[in-house]
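*Asks:* from the sequence below, what's the structure:
(chains A and B)
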Protein chains: 2
Amino acid sequence: MPHDLVPGLVQGGDKIILLVLDGLGGLPDRSGKTELEAASKPNLDRLAKKGALGLIDPVATGITPGSGPGHLGLFGYDPRHYDIGRGVLAALGIGFDIRESDLAARLNFATFDSGGNVTDRRAGRIETEECERLVKLLDAIELPGVETFVRPVKEHRAAVIFRGPGLGENVNDSDPQAVGVPPRKIVGEDDESRKTADLSNAFMAEARKALASEERGNGVLMRGFARYQKIPSFQSRFGLNAIAIAMYPMYRGVAKLVGMEPLDVRGKMTSLFEAVTAHYNSYDFFYVHVKDTDKYGEDGDYEAKKKAIEQVDRLIARFDDLPDKVLMVTGDHSTPSQMKAHSWHPVPFLLSGRRVRPDATTQFGEEACSRGNLGRFPAIEMLPLALANAGRLMKYGA
Amino acid sequence: MPHDLVPGLVQGGDKIILLVLDGLGGLPDRSGKTELEAASKPNLDRLAKKGALGLIDPVATGITPGSGPGHLGLFGYDPRHYDIGRGVLAALGIGFDIRESDLAARLNFATFDSGGNVTDRRAGRIETEECERLVKLLDAIELPGVETFVRPVKEHRAAVIFRGPGLGENVNDSDPQAVGVPPRKIVGEDDESRKTADLSNAFMAEARKALASEERGNGVLMRGFARYQKIPSFQSRFGLNAIAIAMYPMYRGVAKLVGMEPLDVRGKMTSLFEAVTAHYNSYDFFYVHVKDTDKYGEDGDYEAKKKAIEQVDRLIARFDDLPDKVLMVTGDHSTPSQMKAHSWHPVPFLLSGRRVRPDATTQFGEEACSRGNLGRFPAIEMLPLALANAGRLMKYGA
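*Replies:* Numbers count the residues shown, from 1 in each chain, chains lettered A, B, ... in the order given. As a prediction, this is how the structure comes out:
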């Protein structure tokens, strides 16, 4: 990777707003239009006309990003370099206050027979309420030399965090990926990881005891071990004092990972936009996360996703009066409602600001973005682009 | 960095002309057109129609290039990898015949009080003539084991070059960046750099003696130490025997850095184009540098920049009769007259030649370039593209 020039060039400048419509990108339906193209969105189209469009690849060509890697890309961190690990993502996703050097793993409730063989790797996909009840039994487990936290995620899924010194992450999963066999013994590849392995094997044995009377979920399987390591902060890399405005803990969590100040917003979508105005003088950078676009995409509901975009369009007019700003509108990945899932399709990107070179596009949509003068580019270039347009990057070299 | 395939594939072929209109890219004015788009330029438009357009990033997305890094990019050298250093750039900029292992630094005349504290870091921004007079006093300084050269730059700025074996560049600046304090003592981080530090501290002491009777500029501050190191030559990387046709020493200097033959051209813009014809049989590659576009951009003079482009357009017809050539027209960065400064905006790029795949564009301008079939691409890909179109690259693999 070539030398990163940006940190050595940052200076003060305009504010930057990054509005993320989760899963924004789509595919055309029979009308030939995507959700974004079909939406009535006069404000976004006006911004597109004055500004510039492009298409971003959040991770890399053909890669369908999860929310974690997708957001790291938007924040200017190459997700292929900063692999934050499934366990840590799970902990961030449930809003757990994870700290440096914590060791996190994903945990599945599973059912075992009397011989200790796995009979159901997902404990019959127990309800989330049942998961929460079982988690309480495990959270009481005490292991020597570490603090142990167990938290529910969803259905049969939970997360476990070990807090203590020198816990390595180079261990195998215990999930045997098959039934009729015992779980795999966890083994560490180095001294620190052997410590993690010993703790994990002990934890699973204690879990079998604590859950002995359960019919479904009388034990656990562990996978996705990852140590939480601080990564270079957003402030140190981009010189930006940043706030993350989001309703879901997962997104605040990823933002917190790079050092943004998380703001827990509840209620209607309006609250997100009001929060930007309320905190406008206190921060340089505003990450705003809208979930509905992705949610309705995953539901396969083209109309509802379109309407969510229209709702954003009405609210975005509130940014008009905020002075001296660069505004970016994009998504962390595409979620075409036809696919009911995240996809690899490049994501529409809109850049607005007083130093932006406008292009000939007049509306915000996938097809228009493919003709925008920003071209198709990796998401990690968004931050340098925004900084430049905010007047925040000095000239490089004489 | 991936393996560079080009050097292993080069063969003979057509000539290549790289016409650099310094600071070419712009922003639309109230008419909606940039300087390039507003200019009457039938010849460039004809070339665009027959050829292909694109947009280049000289260094990287969002980075505003100085002339040094901007040109390295055009010449096919990643400016993030080849950091040539401020001192060396200053020496190149004044046309000093810098040699391998020379150690160069920027030098400011400054005023000191009787206690040795800096009272004015720029010696009242003395006139260039005054700078030239003081430089003569310093150029006479002799230091053990090295040759010392002092040359004027502009106003209070000069350059010093130490020529001798084993001079390291890892030293601090002596400029304290404040008044009322003494200059910082220069310290080296390794053995070779400690040698540089000792020489520099001795040089500054000698300078105080030589300038003792001066009212303004009775001493110097040093910064931007850099060792001049040869980089792989243009000839070895691209198999091209290249000439650099430019009126300003800075541009000849950067071209010389990569091994091009510098040709000092004086007089009107016509001379640049005449030089190409005159030397057409003696070289494979012609770098031609036009300064006016950048100069008027920096002046904030939209009309004058537009007229400079029109002047180039008239002269470029002279290339029509030159046989078997690939012609590239672009800039080392954008200099929108609205900004009166270099900017990060991608630079219009035109490629013309008998093997070029044409696109649908019919005129040369920023908006058209964003629709060109070359897309938006890093400047370092220009040379491989030109070589291919000149028939100078063999097939890779069977």
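*Asks:* drop to CA atoms for contacts and neighbour counts, all remaining ones
*Replies:* Will do.
*Asks:* can you show me the helices along chain A?
*Replies:* Under the criterion DSSP state H, helices of chain A are mapped to A:35-38, A:42-50, A:67-74, A:86-93, A:128-139, A:191-210, A:234-238, A:249-257, A:270-278, A:292-298, A:302-316, A:366-369, A:382-389.
*Asks:* compare the ones you listed and give me the one nearest chain B.
*Replies:* helix A:382-389 (4.3 Å; C-alpha to the nearest C-alpha).
*Asks:* so how far is that closest one off the chain centroid?
*Replies:* Using C-alpha atoms, centre = their mean, to the nearest Å, the mean C-alpha position of helix A:382-389 is found 21 Å from that of the whole chain.
*Asks:* neighbouring contacts of that helix?
*Replies:* Residues outside helix A:382-389 that contact it (C-alpha atoms under 8 Å, 6 or more residues apart in numbering or on different chains) are A:6, A:10, A:16, A:74-76, A:238, A:326, A:328, A:353-356, A:393, B:61-64, B:344.
*Asks:* narrow the residues you listed to those that are buried.
*Replies:* A:6, A:10, A:16, A:74-76, A:238, A:326, A:328, A:353, A:355-356, A:393, B:61-64, B:344 (16 or more other C-alpha atoms under 10 Å in any protein chain shown).
*Asks:* out of those residues, which sit inside strands?
*Replies:* A:Ile16, A:Val326, A:Met328 (DSSP state E).
*Asks:* what are the buried residues along stretch A:70-90?
*Replies:* Neighbour-count burial for stretch A:70-90, counted by 16+ other C-alpha under 10 Å, picks out A:70-79, A:84-90.
*Asks:* got the domain ranges for chain A?
*Replies:* Domains of chain A are assigned by automatic domain parsing as A:6-83+A:232-389, A:88-227.
*Asks:* can I get the ones you listed in TSV with distance to B:Val150 and mean pLDDT?
*Replies:* Listed next are those as TSV, based on distance: least, C-alpha to C-alpha, whole Å; pLDDT from 0 to 100:
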stretch	distance to B:Val150	mean pLDDT
domain A:6-83+A:232-389	29	96
domain A:88-227	53	95
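*Asks:* ok, A:Phe364 to A:Ala386 distance?
*Replies:* For A:Phe364, the distance to A:Ala386 equals 18 Å [C-alpha to C-alpha, to the nearest Å].
*Asks:* how about A:Glu206?
*Replies:* 51 Å.
*Asks:* out of the two, which sits in the busier spot?
*Replies:* A:Ala386 (27 against 18; other C-alpha atoms under 10 Å in any protein chain shown).
*Asks:* distance-wise, check the more buried one relative to B:Asn201.
*Replies:* On the measure of C-alpha to C-alpha, A:Ala386 and B:Asn201 end up 42 Å apart.
*Asks:* swap in A:Leu315?
*Replies:* 62 Å.
*Asks:* ditto for A:Leu138
*Replies:* For A:Leu138, the distance to B:Asn201 - C-alpha to C-alpha - is 68 Å.
*Asks:* neighbour-wise, which of the two wins?
*Replies:* A:Leu138 (24 against 17).
*Asks:* wait, the more buried one touches A:Ala210, no?
*Replies:* Yes: assessed by C-alpha atoms under 8 Å, A:Leu138 is found in contact with A:Ala210 at 6.8 Å.
*Asks:* which of the domains of chain A sits most buried?
*Replies:* Of all the domains of chain A, domain A:6-83+A:232-389 has the most neighbours on average by mean count of other C-alpha atoms under 10 Å in any protein chain shown, namely a mean of 21.
*Asks:* just give me how far that domain sits from the chain centre.
*Replies:* 13 Å.
*Asks:* what distance separates the start and the end of it?
*Replies:* Termini of domain A:6-83+A:232-389 sit 13 Å apart (C-alpha to C-alpha).
*Asks:* with stretch A:236-252 instead?
*Replies:* End-to-end distance (C-alpha to C-alpha), stretch A:236-252: 19 Å.
*Asks:* out of the domains of chain A, which gets nearest to B:Asp120?
*Replies:* Of all these, domain A:6-83+A:232-389 sits nearest to B:Asp120, with 24.9 Å by C-alpha to C-alpha.
*Asks:* give me phi/psi at the nearest residue to A:Gly397 once chain neighbours are set aside?
*Replies:* Of all residues not flanking A:Gly397 in the chain, B:Gly66 sits nearest, at 4.7 Å (C-alpha to C-alpha, 6 or more residues apart in numbering or on different chains). With angles defined as degrees, to the nearest 10, B:Gly66 sits at phi -70, psi 170.
*Asks:* output stretch A:25-35 as CSV, restricted to C-alpha atoms.
*Replies:* Only the C-alpha atoms of stretch A:25-35 are listed here, as CSV (Å, rounded to 0.1, in the frame of the first residue of the first chain):
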residue,chain,number,x,y,z
GLY,A,25,-28.4,0.5,-4.0
GLY,A,26,-31.0,-1.5,-5.8
LEU,A,27,-31.9,-3.2,-9.1
PRO,A,28,-34.6,-2.1,-11.6
ASP,A,29,-38.0,-3.7,-11.3
ARG,A,30,-40.3,-4.3,-14.3
SER,A,31,-40.7,-0.5,-14.7
GLY,A,32,-37.0,-0.4,-15.4
LYS,A,33,-36.3,1.7,-12.3
THR,A,34,-34.6,1.0,-9.0
GLU,A,35,-36.2,2.0,-5.7
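*Asks:* close to chain B: what parts of chain A are there?
*Replies:* When proximity is defined as C-alpha under 8 Å from any C-alpha of the partner chain, chain A approaches chain B at A:1-6, A:357-360, A:371-375, A:381, A:384-389, A:393-398.
*Asks:* make a markdown table out of the helices of chain A and add distance to A:Ala105.
*Replies:* Output for those, formatted as a markdown table (distance: least, C-alpha to C-alpha, whole Å):
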| stretch | distance to A:Ala105 |
| --- | --- |
| helix A:35-38 | 37 |
| helix A:42-50 | 41 |
| helix A:67-74 | 16 |
| helix A:86-93 | 4 |
| helix A:128-139 | 14 |
| helix A:191-210 | 10 |
| helix A:234-238 | 26 |
| helix A:249-257 | 16 |
| helix A:270-278 | 31 |
| helix A:292-298 | 26 |
| helix A:302-316 | 33 |
| helix A:366-369 | 38 |
| helix A:382-389 | 31 |
